[in-house]
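**Q** Sequence below, structure please.
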Amino acid sequence: MDDETASWFARVAAAQRESGQPAPTFGALAEALQAVVGHKVMTVLKLDVPSLTSTRLFSSEASYPPGGRKQHARAPGARR
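**A** Here you go, the predicted structure:
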């Protein structure tokens, strides 16, 4: 890992010690990934498998606020 990449991920590690988690860590991770690999939007979802519902925990795009939910359909023939 080069020094610049290591520096970005050191910022992520430092963000983990901040209060108000998980937003500081997810924000620092979005910035690091943007700088290192580039992305349009970084979104973190929590999937509740039994109900097949996902809840948005973080998005780097302000128009996708935390708390958004989506119901997913089980694929035909999928194992239960």
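
**Q** from here on, contacts and neighbour counts on C-alpha atoms
**A** Fine.

**Q** Residue 8 touches residue 32, doesn't it?
**A** Yes - taking Cα atoms under 8 Å as the definition, residue 8 is a contact partner of residue 32 at 5.2 Å.

**Q** When the two are compared, which one has more neighbours?
**A** Between residue 8 and residue 32, counted using other Cα atoms under 10 Å, residue 32 has the larger neighbour count: 21 against 17.

**Q** Correct me if wrong: the more buried one contacts residue 10.
**A** No - Residue 32 is beyond contact range of residue 10, at 9.4 Å (criterion: Cα under 8 Å).

**Q** What count of nearby residues applies to residue 73?
**A** Neighbourhood size, residue 73 [other Cα under 10 Å]: 9.

**Q** what about it, is that helix, strand or coil?
**A** coil (DSSP: H, G, I helix; E, B strand; the rest coil).

**Q** got the contact list for it?
**A** With contact set as Cα atoms under 8 Å, 6 or more residues apart in numbering, residue 73 has these partners: residue 52.

**Q** Quick check: it vs residue 67, distance?
**A** The spacing between residue 73 and residue 67, counted by Cα to Cα, to the nearest Å, is 19 Å.

**Q** and if you look at residue 8?
**A** Counting by Cα to Cα - residue 8 and residue 67 are separated by 27 Å.

**Q** Ok, residue 30 next?
**A** Following Cα to Cα, the distance that separates residue 30 from residue 67 is 18 Å.

**Q** Name the residue in these two with the higher neighbour count.
**A** Using other Cα under 10 Å as the criterion, residue 30 and residue 67 rank with residue 30 on top: 22 against 12.

**Q** Doesn't residue 10 belong to a helix?
**A** Yes - looking at residue 10 with three-state DSSP, it is inside a helix.
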